[in-house]
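1. attaching a predicted model along with its sequence, questions to come.
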Amino acid sequence: MNNKFYNLPLDRQKQIINGALKVFSASNYRQASTIDIAREAGISKGLLFHYFKNKKELYLYLYEYCANLAVDELEKNRDSEETDFFGIQKCS
C-alpha cells in the first residue's frame, strides 16, 4: 500500500475505510465497484488508486483492519485471569 494513505488525517482515513466497507459488505469482491467505493468514500476513483494500488490491495487492507479490530476488542474485553481461549468472556 502507498504510505500516502497513512499520511491522511484519521477522519479522512476512516471515511475511506467506511465507504469501502459499506460497498464490500453489500456485494461480493467481484461485484464491488471501485467507482462505488470512491463515491461512498467521497473521493475520486483516481484518488482511491493513489492510496491503494488496486482493488485487491484495498480489500486485503480492509481484511487486516477488521481482523485487528476484532482482536483489539477481544483483548480489551477479556478476563485477564482466563487462559482457556473458549473460556474468555467479557469482564463485568
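-> Structure's in. What do you need? Just so it is clear, the model here is predicted, and its values are computed rather than measured. Residues are numbered from 1 along each chain as shown.
2. distance between the longest helix anywhere in the chain and the chain's centre?
-> Longest helix in the chain, counting residues (DSSP state H): helix 55-77. With C-alpha atoms, centre = their mean, to the nearest Å as the basis, helix 55-77 stands 6 Å off its chain's centre.
3. list the buried ones in the lowest-mean-pLDDT helix or strand in the chain?
-> Here the helix or strand of the chain ranked lowest by mean pLDDT, DSSP states H and E is helix 55-77, holding a mean of 92. For helix 55-77, a neighbour-count test (16 or more other C-beta atoms under 10 Å) marks K55, L58, Y59, Y61, L62 as buried. (Each C-beta comes from the backbone N, C-alpha and C, glycine too.)
4. now tabulate those residues in a markdown table and tack on distance to K14.
-> Below are the buried residues of helix 55-77 laid out as a markdown table (distance: C-beta to C-beta, whole Å):
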| residue | distance to K14 |
| --- | --- |
| K55 | 19 |
| L58 | 14 |
| Y59 | 17 |
| Y61 | 13 |
| L62 | 12 |
